[in-house]
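**Q** Turn this into a model:
(one chain, ligands or ions: 1)
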Amino acid sequence: MAGFPTILVFDSGLGGLTVLREIVAARPDAHFVYVADDAFFPYGHHGEREIIARVVPLIGELIAAYAPDLVVIACNTASTLVMSHLRERYTLPFVGTVPAIKPACAQSKTRRVSVFGTKGTVQREYTKKLIEDFAVGCEVTLVGSAELASLAEAALSGNEVSDRDISAEIAPCFVGGSEDASARTDTIVLACTHYPLLLDRLVRLAPWPVDWIDPAPAIARRVSDLLGKPGHDVDNRGAEMIFTSRRPHTLSRALMPFFGGRVLA
Ligand code: DGL
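**A** Okay, here's the model as predicted:
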């Protein structure tokens, strides 16, 4: 690919930054445009038809405006619905973010895995099909959280989020008694890109230690494979951060590390 490839990373809010930071590390040669559809956040509270009707044309407008070489839908709530529509409609490559059920079930020793996402993601046919195809002898517990994506947004925006509120959201992921380590949940799929923003606190507040599966590194590898060999130069043009609400960019300093320190326009 000649010059710097442009990668557009899309989410309902700031959660997709957890995917972006892995892609930035894998492809320092790329130019990054991050779009937070915060005007429609949280996606987890919208119906399936509403999300398709919102995201598919919006991605078309973003393709026209930024001419990306590749688009990453860094949102499980959207990816579990829109990928086939996007591929039908637009010709460039798309990479989605869907629950990492296959690797989680492959590595669980107790065969108890929880899939932790928005209420929308855990209800999707797409998610049920992944379980049918890949759960192979695992008991999978679906846990839909109404609030954790909003709590993650609040925390990254510098607001106080209490341990009690986070603990209440994660509690249903922990199945089986804490006394018997061989029969309790040992693996939790982070099936919402917002949740890794709170990973330190999830680890600290967990009633017992588990493996938290974040698909972001695998997504970054997929993006890099699709783009082909990286160039040697690093893009010095800075990165673009777009909020669909057009809210002022008061968070730029806090968000820069996710962009590998690039200055945000
Ligand atoms: N970050 C999104 C996801 O991965 C969802 C958050 C929301 O908008 O509800 O599912």
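**Q** All the helices of the stretch 1-150 of the chain, in order from the start?
**A** Per DSSP state H, counting those that start in this stretch, the stretch 1-150 of the chain carries helices over the ranges 17-26, 48-66, 76-89, 101-107, 119-123, 125-134, 148-156.
**Q** Spell out which parts of the stretch 151-265 of the chain neighbour the ligand.
**A** Residues of the stretch 151-265 of the chain found near the ligand (C-beta under 6 Å from any ligand atom) are 192-194. For every residue, glycine as well, the C-beta is placed using N, CA and C.
**Q** which residues touch Cys105?
**A** Listed by C-beta atoms under 8 Å, 6 or more residues apart in numbering, the contact set of Cys105 reads 111, 113, 134-138, 140, 187.
**Q** rerun that using 10 Å as the cut-off
**A** With contact taken as C-beta atoms under 10 Å, 6 or more residues apart in numbering, Cys105 is in contact with 111, 113, 115, 130-131, 134-140, 187, 189, 213.
**Q** Mind pulling up the pLDDT for the residue found closest to it once you drop the neighbours it is linked to in the chain?
**A** Counting by C-beta to C-beta, 6 or more residues apart in numbering, Cys138 is the residue found nearest to Cys105 once chain neighbours are left out, at 4.3 Å. Looking at Cys138, its pLDDT stands at 97.
**Q** Ramachandran coordinates for Cys138?
**A** When read as degrees, to the nearest 10, the backbone of Cys138 gives phi -100, psi 150.
**Q** isn't it right up against Val113?
**A** Yes: at 5.0 Å, Cys138 counts as touching Val113 under the criterion of C-beta atoms under 10 Å.
**Q** Pull up the overlap in contacts between the two.
**A** Residues touching both Cys138 and Val113 (C-beta under 10 Å, 6+ apart): 101, 104-106, 131, 187.
**Q** wait, which of those is closest to the ligand?
**A** Comparing the shared contacts of Cys138 and Val113 against the ligand with C-beta to the nearest ligand atom places Ile101 closest, at 14.4 Å.
**Q** Tell me which residues touch that closest one, please.
**A** So Ile101 contacts 113, 115, 127, 129-135, 138, 140, 189, 191, 213 (C-beta under 10 Å, 6+ apart).
**Q** burial measure for the closest residue to Phe134 other than its chain neighbours, as a count.
**A** If the residues on either side of it in the chain are set aside, Phe134 comes closest to Lys102, at 4.0 Å by C-beta to C-beta, 6+ apart. Around Lys102 there are 17 other residues, counting by other C-beta atoms under 10 Å.
**Q** thinking Lys102 is in contact with Lys129, fair?
**A** No: with contact defined as C-beta under 10 Å, Lys102 does not count as touching Lys129 (11.7 Å).
**Q** that older thread, quick check: which of the helices of the stretch 1-150 of the chain is buried the most?
**A** helix 17-26 (a mean of 23; mean count of other C-beta atoms under 10 Å).
**Q** and the angle from that one to helix 148-156?
**A** Using axes from the mean of the first three to the mean of the last three C-alpha atoms, to 10 degrees, the inter-axis angle of helix 17-26 relative to helix 148-156 is 60 degrees.
**Q** so where's the stretch 1-150 of the chain uncertain?
**A** Under the criterion pLDDT under 70, the flagged ranges of the stretch 1-150 of the chain are 1-2.
**Q** Show me which residues of it are close to the ligand?
**A** Residues of the stretch 1-150 of the chain lying close to the ligand (C-beta under 6 Å from any ligand atom) are 11-13, 15, 41-44, 75-77, 117-118, 121, 149.
**Q** Let's see if you can find the most crowded of those.
**A** Using other C-beta under 10 Å as the neighbour test, those are led by Asn76, with 34 neighbours.
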